[in-house]
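Engineer: return a 3D structure for these sequence lines:
(2 chains)
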There are 2 protein chains.
Amino acid sequence: MKTKNLGFDTINLGHGSGGIMTRDLLDKIIFKTFDNPLLNQKHDGSIVKFDGEIAISTDSFVISPIFFKGGNIGELAVNGTVNDVAMCGAIPKYLSLAFIIEEGLEIDDFIKIVNSVKAAADMSGVQIITGDTKVVERGKGDKIFINTTGFGEVHPKAIITTDNIKNGDKIIVNGFIAQHGMAIMSQREGLEFESTIESDTTNVNFLVKNLLDQFGDKIHLFRDPTRGGLASVLSEIASDTNKGITIYEKDIPLEKQVAAACEILGLDPLYVANEGVFLSIVDSAIAEEVLALMKNDEKGINAICIGEVTNEHPNKVVMHSVIGGKRIVSPLIGEQLPRIC
Amino acid sequence: MKTKNLGFDTINLGHGSGGIMTRDLLDKIIFKTFDNPLLNQKHDGSIVKFDGEIAISTDSFVISPIFFKGGNIGELAVNGTVNDVAMCGAIPKYLSLAFIIEEGLEIDDFIKIVNSVKAAADMSGVQIITGDTKVVERGKGDKIFINTTGFGEVHPKAIITTDNIKNGDKIIVNGFIAQHGMAIMSQREGLEFESTIESDTTNVNFLVKNLLDQFGDKIHLFRDPTRGGLASVLSEIASDTNKGITIYEKDIPLEKQVAAACEILGLDPLYVANEGVFLSIVDSAIAEEVLALMKNDEKGINAICIGEVTNEHPNKVVMHSVIGGKRIVSPLIGEQLPRIC
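Structural biologist: Below is the predicted model:
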C-alpha cells in the first residue's frame, strides 16, 4: 500500500470525527486489511456465535517506543491478548481492536502497525471482528495506544484455577525470561547499549492447546509473567493459594546477553517483563511429559522446570540461589520500567 | 471512600507496573467497587457462559473535559458501549473495562469516575467482568482514557440489518438531538457561554429490548448517531442501502437552547454528537405503535418520526426545510469537535 494513494500522509483529528474522513481511513486501511464477513458488517458491533464457556480478556497497550527490536505495538497487542485468553485455558477466536492515535502519526507507521496486527492475528488464528478509532490532539497521547479484547472458547478439558494447585506441583516455564523488557530498555533514551536482544513477543495459544489436549485437568494453572515479571506472578500465586513456592536460580532460563544487560543496569531479571513466556503449574506426575511435549514445539524448545509448590513457607516465594543461599522473592514494588507493554 | 485511607493522592507510574502498587489500586478501588464473582477470579481474563449469538462492540473514550454537565467519562464509557451492543439488537450483559491513566490524575477524580462506571453498569444491568490499568507519563496522555468492550445476547426476535430496510420505512428518533455535543462545547476553553445544556448520556438498552419484544423483525435497524451526528449516520445508511432518505426539518426534535447555542457557534445540529439518542428504522405499518411504546418510556418520551426511506434520490439524504426548500444532507467532512466521546 503506498501512502501517496491514500490522499493523506499523517493521521489528523478528522480521522477520529466519525464522518467521511473516518470512513475513508477505515475503508482504505482497516477494512481492506482485515477483510472478513464479521468485520464487514460495518455496524456498531459484530455478531458471532458461541456455545458454552467463553474466556474474555482485555488489555490496552501503551508501549514506548512503538517499534522495537523483535516487534511493534501492533503484534504485541494481538499476542498479548491472545496469550491472556490462552492462559484462561481457552482457544482464542476473535479480537476487538481499538486505536487511540495522537494527531500527526505518520500513515506509513500506522499501516506498518495495522499490517503487523493482521499478520499476528493470522498467526494466532484469530479474526478482528470489531473496532474503534479515536484521535487526540498532539501532546495529549503518544503516537498510538491500542486496546484489544479477546474471546475464546474454553478448552473442553481445561480446569484452570488456583484452587487446583497442590503441594508438589511442578512449575514449568517455556523459555528464556526477561527478553521483552530488556529489548525495550536497550532502546530507550539514555539506556542504549550494544545489544541484539529482541522482544520475545509471540503467540503461545497453539502450544497451550496441545498441552490441554494431552494433559487436561492435570494442568492446574497457566499464567504469563508480563508486567512485573516472574517474581510478581509467582508472588501473586503464592498469595492467592496460601501456599509456598520454591524456585531454583540455576534452572531459570536466562540468555547470557540478557543477564549481562540486567547486570549493567542493576536490574533483577525476575522482575523484567516477558511477552512470549508462560508458566504452567502441573501435577508432578506429568511434569516430564509436559517438558517433552514443550521441547518438541518451537515455542517451548527451551522449556524447563524451575521449581515447585510446597507446604513450607506459605504465601512466600523462596529462591535457592546458585551459590547455595535462599532468599524471599517479593513482588515488584513501584515501577521498574514504565510502558513496557 | 476517603482518599486519606488509601495511602496515595494521585495515580503514579507504579500503579501501572503490574506489581504491588497495581494490586493495591485494584484491591482498594476496582475490586471493592465492582465486587462480583466473575471479576473476582482476578485472572488474566474472565470466563462466562453464552449460548447462541453474541453481539460484541468496543469503544475507547477520550472525551475532554472528563467531567461535564450531565455526566463524566465513566458513565459515558458504559452507556456508549451498552448502547452500541443494544443497537445490534442485543441485550447487553458484560463489559470489560480498561483504563489508560496519565500520571498525576487525582485519586478523588479516579474514584468519582469508577463510581460512575459502577452506577451506570448497575443502571444498564451489565457486569464489569475483566479489566486493565495502564499508566503513562505526564504529558503522554490526558487525564484518563477508557476502553469498554461489551457483550450481549442477541434478542431472539431481532433481525437488525440494513438488508431489511425498504422503501416507505419510517425513521424514528427517541428524543432531542445535539445535546451531548453542545454540552461539551459549552464547557470547552474559549467556547463558554451561559447555558444549562446537559449531555444526554444514558442507556437505552431496556427501551430497545421492549421494542424488540413487541415488534421483532418489523424493526429493521437501530443506529445511534454519536460522533458525526444524525447527518453522518443517515448518510451512511443511505450509502450502505443504496436507498434515499427523506427527513423533515420541522420534525427534528431540538431544544430551544441547544438550537440557540448551535446558532451562536455556527454549528449545524445535524452534525453534533448525541449519546442517549437512537434511530429506529421500522416498517411503516408499526410506526405509530412504536411511537406510542416509546412515549411511554422516559428514554423515549420525546420520540418522533423524522422521515422515511424512499425510492427517490438513492444514496442521498434530503431534508425538507422549515421554509419549504430541500437540501442534500452530506456526511460530516473533517472534524467538527474533537474528543466528543
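
Engineer: and stretch A:230-243, is it in reach of chain B?
Structural biologist: Yes: judged by Cβ under 8 Å from any Cβ of the partner chain, stretch A:230-243 comes into contact with chain B at A:232, A:236, A:240. Quick note: C-beta positions are derived from backbone N, CA and C, even for glycine.

Engineer: show me how far that stretch is from its chain's centre.
Structural biologist: Its chain's C-alpha centre lies 19 Å from the corresponding centre of stretch A:230-243 when counted by Cα atoms, centre = their mean, to the nearest Å.

Engineer: looking at neighbours, which among the residues of stretch A:230-243 next to chain B is most surrounded?
Structural biologist: If you count neighbours using other Cβ atoms under 10 Å in any protein chain shown, the busiest of these is A:Ser232, which has 28 neighbours.

Engineer: tally of neighbours for A:Cys305?
Structural biologist: Counted with other Cβ under 10 Å, A:Cys305 comes out at 19.

Engineer: host element of it?
Structural biologist: Element membership for A:Cys305, per DSSP states H and E: strand A:304-310.

Engineer: show me what that strand is packed up against.
Structural biologist: Strand A:304-310 sits against strand A:170-173, strand A:244-248, helix A:287-295, with contacts defined as 3 or more Cβ pairs under 8 Å, 6 or more residues apart in numbering or on different chains; DSSP states H and E.

Engineer: any idea how far A:Ser57 is from the closest residue in space to A:Phe50 that isn't next to it in sequence?
Structural biologist: Once flanking residues are discounted, A:Phe50 sits nearest to B:Phe50: 4.8 Å by Cβ to Cβ, 6 or more residues apart in numbering or on different chains. Separation of B:Phe50 from A:Ser57 (Cβ to Cβ, to the nearest Å): 15 Å.

Engineer: who has more neighbours out of these two?
Structural biologist: More crowded of B:Phe50 and A:Ser57, by other Cβ under 10 Å: A:Ser57, with 31 against 20.

Engineer: okay, the closest residue to A:Ala158 other than its chain neighbours: pLDDT?
Structural biologist: Excluding the flanking residues, the one nearest A:Ala158 by Cβ to Cβ, 6+ apart is A:Gly89, at 3.0 Å. Note for A:Gly89: predicted pLDDT of 97.

Engineer: ok, now which ones touch A:Gly89?
Structural biologist: A:55, A:154-155, A:158-160, A:208, A:212, A:219, A:222 (Cβ atoms under 8 Å, 6 or more residues apart in numbering or on different chains).

Engineer: switch to 10 Å and redo it
Structural biologist: Neighbouring residues of A:Gly89 by Cβ atoms under 10 Å, 6 or more residues apart in numbering or on different chains: A:53, A:55, A:152, A:154-161, A:208-209, A:211-212, A:216-217, A:219, A:221-222, B:43, B:45, B:47.

Engineer: in helices, which of those fall?
Structural biologist: Those of those mapping onto helices are A:208-209, A:211-212, per DSSP state H.

Engineer: quick one, longest strand in chain A?
Structural biologist: Scanning chain A for the strand with the most residues, using DSSP state E, yields strand A:46-61.

Engineer: just to check, A:Ile100 is in contact with A:Thr133?
Structural biologist: Yes: using Cβ atoms under 10 Å, A:Ile100 is in contact with A:Thr133, at 8.4 Å.

Engineer: when these two are compared, which one has more neighbours?
Structural biologist: A:Ile100 (28 against 21).

Engineer: can you pull the contacts of whichever residue of the stretch 51-200 of chain A sits closest to chain B?
Structural biologist: Nearest residue of the stretch 51-200 of chain A to chain B (Cβ to the nearest Cβ) works out as A:Ser57 at 3.1 Å. Residues in contact with A:Ser57 (Cβ under 10 Å, 6+ apart) are A:80-88, A:90, A:92, A:95, A:148-152, B:43-47, B:96, B:129-132.

Engineer: who's it bridged to?
Structural biologist: For A:Ser57, the beta-bridge partners are A:Gly150 (DSSP bridges).

Engineer: what of A:Ile304?
Structural biologist: A:Val173.

Engineer: what sits against it?
Structural biologist: A:Ile304 neighbours (Cβ under 10 Å, 6+ apart): A:171-176, A:248, A:251-253, A:291, A:294-295.

Engineer: could you find the closest non-adjacent residue to A:Phe99?
Structural biologist: In space, A:Phe99 is closest to A:Thr133, 4.9 Å off (Cβ to Cβ, 6+ apart).

Engineer: thought the one you found was touching A:His15?
Structural biologist: Yes: A:Thr133 is in contact with A:His15 according to Cβ under 10 Å; the separation is 6.7 Å.

Engineer: so what sits against both of the two?
Structural biologist: A:22, A:25-26, A:99, A:101, A:110.

Engineer: of those residues, just the buried ones, PyMOL syntax please.
Structural biologist: Of the shared contacts of A:Thr133 and A:His15, the buried ones can be selected in PyMOL as follows, counting by 16 or more other Cβ atoms under 10 Å in any protein chain shown:
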select buried, chain A and resi 22+25+26+99+101+110
